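**Q** Sequence first, predicted model second:
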Amino acid sequence: MSQDSIIIVKDLVKKFGNFIANDHLTFDVYQGEIFGFLGANGAGKTTAIRILCGLSTPTSGKVSVAGYDAYKQTEKIKQNIGYMSQRFSLYEDLTAFENIQFYGGIYGLSSKEIKSRSAKLFDRLGFEEFQKKQIKDIPLGWRQKLAFSVAIFHKPKIVFLDEPTGGVDPITRRQFWDLIYQAANDGITIFVTTHYMDEAEYCNRASIMVDGRIADIDTPLNMIKKYNANSMDDVFYILARKMVD
Amino acid sequence: MQAIVAVNISKHFGETQALKDISFEVNSNELFGFIGPDGAGKTTLFRIIASLLLSESGSVSVMGLNPASEYKVLRTKLGYMPGRFSLYPDLTVEENLKFYATIFGTTISENYELIKDIYSHIEPFKKRPAGKLSGGMKQKLALSCALIHKPELLILDEPTTGVDAVSRKEFWQMLKRLQGQGITVLVSTPYMDEAALCDRVALIQKGSILSIDTPQNIIDAYGKPLFGLRAGNMYNLLLKLKEYENCSSAHLFGQYIHSSFKGKFSREELFSYLNSNRINDAEIIEVTPGIEDCFMQLMEHNEPVSI
């Protein structure tokens, strides 16, 4: 893993009226790392992710994603990232292949390219049996794996995963992390949020947001040592509690 | 006395079988959890118990009543909090609570003691429309509404899904206190770590119950030594463990990979195998299985899972 920063955030502030959702966030995400973006509900994670994805602009501060400016080059940012959330990812009444065609088309891939890449994808996932099935008839765990593959289909520099494993069974959850590791091995930077604290420990580094600020950012192991904790679950609890009390 | 007795419940939706011969009992004043992923059948089961859906076959008795024929009496005795927020978004916090109290022929003040612990967190916002509350506050309001008629049985369908780790802990403390006031609590969750907080749990997957017992008994039934391994390159270690012929399971678990082995485990053999695959920095410790380890073991036992 190189130490080149692919995301640079400096003094990011985002206000909604008088409410400060992001209060001077400063952090870097390195090229090729798995970065965990943790925080309690309402801590300001979604606001920050929307800015990093080019869907919202900062009130002040410097934000650069994949080399593009978050004020002026939001379209460029969108072309260079992938995004997947638990809530929405694929069109339910399209088949698996049609979804890929659709997303591939949006990102400007040729139909020849889409065919060859999707053949590889279905083969790698062991997904052939579902290729012609509508998404709504595919089990949730498979859907999530497919959604992830679609999110990185255009070979983005970074992929944002917003609670990608919510509600899936424990084995599928781990298969999903296998895919994340593979993508990271292929050089894609992973930016992931989760409420499963064991997953926080799979990240190279993680940040913990509390009340609009970053309470800490480090490798999971360093954080566990620093707070004299047994797990990231304990670390999360200590940090979130400390700020509330 | 049993609060719930269910025998051989089945339910289909079209071709999908949501519940397959489900049988279980919940004791009075027990905190009983259904633990399983999305699509396991938890919501369908809870709706049948709450008299909102009919089962196809089998029998259900809830506090001695039949949910199919005696639902009118039953509904006065149970509180149900569905997984999706289903209060009136354009009524205020107070109006929602008043509405539920009135429907059940009671008042907020009559049962205030029961909900005080929970409602006091949102009372400062009582004039705010329910739709404008944060996720955590909505959850507290929904729980208050489910409790306002002082039910004997509280049914909570995934109350902590999507809720952060700290708020989840607080929510479970609330449930424990409600149990302390004599209420039977039936709760479902996809978070395996929450099983430890229940008196007994049923592990459910694809419409079938994998196991019902106390969390400790489920853990004791794991039945073989479990090891935690780690190395500098965790992903490589995981791949090599899965290829190891004596390995019977290998799953990522936070900082470690939890792994169990066939036959008599030999540390020397494992390390020489890892060394021959150029993994020289592996560490190994023996670990106590958790509910999630047990759940995966039961899943793999029930059907071979491709890894």
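**A** Looks like it came in fine.

**Q** From here on, just use CA atoms for contacts and neighbour counts.
**A** Fine.

**Q** who's in contact with the nearest residue to B:Thr214 once chain neighbours are set aside?
**A** Excluding the flanking residues, the one nearest B:Thr214 by CA to CA, 6 or more residues apart in numbering or on different chains is B:Arg200, at 4.1 Å. Shown in contact with B:Arg200 (CA atoms under 8 Å, 6 or more residues apart in numbering or on different chains): B:Glu30, B:Leu31, B:Phe32, B:Gly33, B:Ile212, B:Asp213, B:Thr214, B:Pro215.

**Q** For B:Arg200, which residues count as its bridge partners?
**A** B:Phe32 (DSSP bridges).

**Q** so how far is chain A from it?
**A** From B:Arg200 across to chain A, the span is 20 Å (CA to the nearest CA, to the nearest Å).

**Q** Give me the ChimeraX select line for the contacts of B:Arg200, limited to the buried ones.
**A** The ChimeraX command for the buried members of those (criterion: 16 or more other CA atoms under 10 Å in any protein chain shown) is given here:
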select /B:30,31,32,33,212,214,215
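
**Q** Return the set of buried residues in stretch B:151-160.
**A** Buried residues in stretch B:151-160 (16+ other CA under 10 Å): B:Pro151, B:Glu152, B:Leu153, B:Leu154, B:Ile155, B:Leu156, B:Asp157, B:Glu158, B:Pro159, B:Thr160.

**Q** want to throw these into TSV with secondary structure, distance to B:Gly58 and pLDDT?
**A** Compiled in TSV, these are given as follows (DSSP: H, G, I helix; E, B strand; the rest coil; distance: CA to CA, whole Å; pLDDT from 0 to 100):
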residue	secondary structure	distance to B:Gly58	pLDDT
B:Pro151	coil	25	97
B:Glu152	coil	24	97
B:Leu153	strand	21	98
B:Leu154	strand	23	98
B:Ile155	strand	20	98
B:Leu156	strand	23	97
B:Asp157	coil	22	96
B:Glu158	coil	25	93
B:Pro159	coil	27	92
B:Thr160	coil	30	89
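
**Q** Of those, which pair is most distant in space?
**A** The distance between the two most remote of the buried residues of stretch B:151-160 (CA to CA) is 21.4 Å, for B:Glu152 and B:Thr160.

**Q** helices and strands of chain A: which one bottoms out on pLDDT?
**A** helix A:232-244 (a mean of 82; mean pLDDT, DSSP states H and E).

**Q** re earlier: quick check, nearest of the contacts of B:Arg200 to chain A?
**A** B:Gly33 (15.7 Å; CA to the nearest CA).

**Q** Quick check, pLDDT for residue 228.
**A** Assuming you mean chain A. Note on A:Asn228: pLDDT of 96.

**Q** ah, I was thinking of chain B
**A** 97.

**Q** Tell me the buried residues in stretch A:63-81?
**A** Neighbour-count burial for stretch A:63-81 [16+ other CA under 10 Å]: A:63-66, A:68-71, A:74, A:76-81.

**Q** Please export the C-alpha coordinates of that stretch as PDB.
**A** Extracted as PDB, the C-alpha positions of stretch A:63-81 are listed here (Å, rounded to 0.1, in the frame of the first residue of the first chain):
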ATOM      1  CA  VAL A  63     -11.900  18.500  -0.300                       C
ATOM      2  CA  SER A  64     -10.200  16.600  -3.100                       C
ATOM      3  CA  VAL A  65     -11.400  13.200  -4.300                       C
ATOM      4  CA  ALA A  66      -9.300  11.200  -6.900                       C
ATOM      5  CA  GLY A  67      -7.600  14.500  -7.700                       C
ATOM      6  CA  TYR A  68     -10.800  16.400  -8.300                       C
ATOM      7  CA  ASP A  69     -12.100  19.400  -6.400                       C
ATOM      8  CA  ALA A  70     -15.400  18.900  -4.500                       C
ATOM      9  CA  TYR A  71     -16.700  22.400  -5.300                       C
ATOM     10  CA  LYS A  72     -16.000  22.600  -9.100                       C
ATOM     11  CA  GLN A  73     -15.400  19.100 -10.400                       C
ATOM     12  CA  THR A  74     -18.300  17.100  -9.000                       C
ATOM     13  CA  GLU A  75     -19.100  15.500 -12.300                       C
ATOM     14  CA  LYS A  76     -15.500  14.300 -12.600                       C
ATOM     15  CA  ILE A  77     -15.600  12.900  -9.100                       C
ATOM     16  CA  LYS A  78     -18.800  10.900 -10.000                       C
ATOM     17  CA  GLN A  79     -17.100   9.300 -13.000                       C
ATOM     18  CA  ASN A  80     -14.200   8.200 -10.900                       C
ATOM     19  CA  ILE A  81     -16.000   6.600  -8.000                       C
END
